[in-house]
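[1] Sequence first, predicted coordinates after that:
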Amino acid sequence: MIYTVTLNPSLDYLVRTDALRPGALCRTHDETLYPGGKGVNVSLVCAALGLPTRALGFIAGRTGAMFASLLAETGVEYDFCRLEQGMTRINVKVSAHEQTELNAAGPAIPAAAIERLAAALDTLGEGDWLVLSGSLPADVPADTYARLLDRVRGRGVQTLVDTSGDALKNALPCAPDLIKPSLQVLDELVGGAPRTPAGIAACARELQRAGAQDILIPLGDGGAVLVPASGDALYLPAAPVEPVQPVGMNDSMAAGWLYAKAHHFSAPDALRFAAAAGTAAMLSAWLPDRHAVESALARTEQPRPCQ
């Protein structure tokens, strides 16, 4: 079972307009409301690929009830702790010639609620994956992900961490099986990461010395660099496609990786499938289904050694 944790999920309100003009009345021609958040996105794509998954985290208020209702409609299993105060955030994504996002702060999460979530992880065991995804809310301690990783240590649970800043730094000594830093995050942690595949891989090796195992670095255009815990680093250029929208690309890549690991793919094949899932997200109106991923896979090259 793949368990995803989204501390600060959202209702994602996607609107499309011909032009976004600040200070002016802009009319939309398409609006959609989705259950969102990075871990939630991972669960949704995992489910679309046929993987068993359960989404965990926190919801609050009327918007939290709507979030749960929309997530239930997708068929994804979930077990969100309900907070007594605040409301689940609404993130607005405006798509015109480019995409503009307005992300809300979300509710405060008390320490007792974090402990309830941690206790829910005590059921995880051999063969399960724990996915910790997204930035930490402002009031949550920076070692929260590290403490959740410690909670499942020694039980055969594999872990994926997709975050940034101190939350990621604190998680590295817990030896997560996969981290997925963006180039920006890699720059912040290592300092001035080169933009060549070989340079990116060399910087990622520093994070492995800090404790990380496999490292998957999305390049922002659908391409990626994989630095496995053992073996040579691999580079996969972006597929030649025209993106429809960027929402969920990196989360879909994470889900593709989880699918590949569940089916015991080799490192090159896992990288290729993960990248195809990310490409499929860019070509989808929302998150990709299995057909979209398989279609993108047909356009995806074979990885090559980093040079």
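    On my side now, so go ahead.
[2] and T159, that one's in a helix?
    No - under the criterion used here (DSSP: H, G, I helix; E, B strand; the rest coil), T159 is strand, not part of a helix.
[3] how about the nearest residue to it, chain neighbours excluded?
    P176 (4.5 Å; C-beta to C-beta, 6 or more residues apart in numbering). Every residue, glycine included, has its C-beta placed from N, CA and C.
[4] The one you found touches L149, doesn't it?
    Yes - the criterion here is C-beta atoms under 8 Å, and P176 meets it with L149 at 6.6 Å.
[5] Now do the shared contacts for the two.
    Common contacts of P176 and L149, defined by C-beta atoms under 8 Å, 6 or more residues apart in numbering, comprise 159, 161.
[6] ok so, going back, secondary structure element for the residue nearest to T159?
    Assigned by DSSP states H and E, P176 belongs to no helix or strand.
[7] Ramachandran coordinates for it?
    phi -60, psi 140 (degrees, to the nearest 10).
[8] Next, count neighbours for it.
    25 (other C-beta atoms under 10 Å).
[9] how close does the residue most central in space within the chain get to V152?
    Geometric centre of the chain, nearest residue: D251, 3.4 Å, by C-alpha atoms, centre = their mean. From D251 across to V152, the span is 21 Å (C-beta to C-beta, to the nearest Å).
[10] sorry, back to before: what residues are up against the residue nearest to T159?
    149, 159-161, 211-213.
[11] how far away is it from L20?
    Between P176 and L20 the distance, using C-beta to C-beta, works out to 38 Å.
[12] Also G50?
    38 Å.
[13] Over to T300?
    In terms of C-beta to C-beta, T300 sits 32 Å off from L20.
[14] if we can go back for a sec, give me the element the residue nearest to the centre of the chain is part of.
    Counting by DSSP H and E, D251 is part of helix 249-262.
[15] Show me where the stretch 151-300 of the chain has its strands.
    Here the stretch 151-300 of the chain has its strands, by DSSP state E, counting those that start in this stretch, at 158-162, 178-179, 214-218, 224-227, 234-236.
[16] could I get those as TSV with distance to H263 and mean pLDDT?
    Below are those laid out as TSV (distance: least, C-beta to C-beta, whole Å; pLDDT from 0 to 100):
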stretch	distance to H263	mean pLDDT
strand 158-162	14	98
strand 178-179	16	98
strand 214-218	16	97
strand 224-227	17	96
strand 234-236	18	96
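[17] So for G39, which of those strands sits nearest?
    Minimum separation from G39 across the strands of the stretch 151-300 of the chain (C-beta to C-beta) falls at strand 158-162, 8.3 Å.
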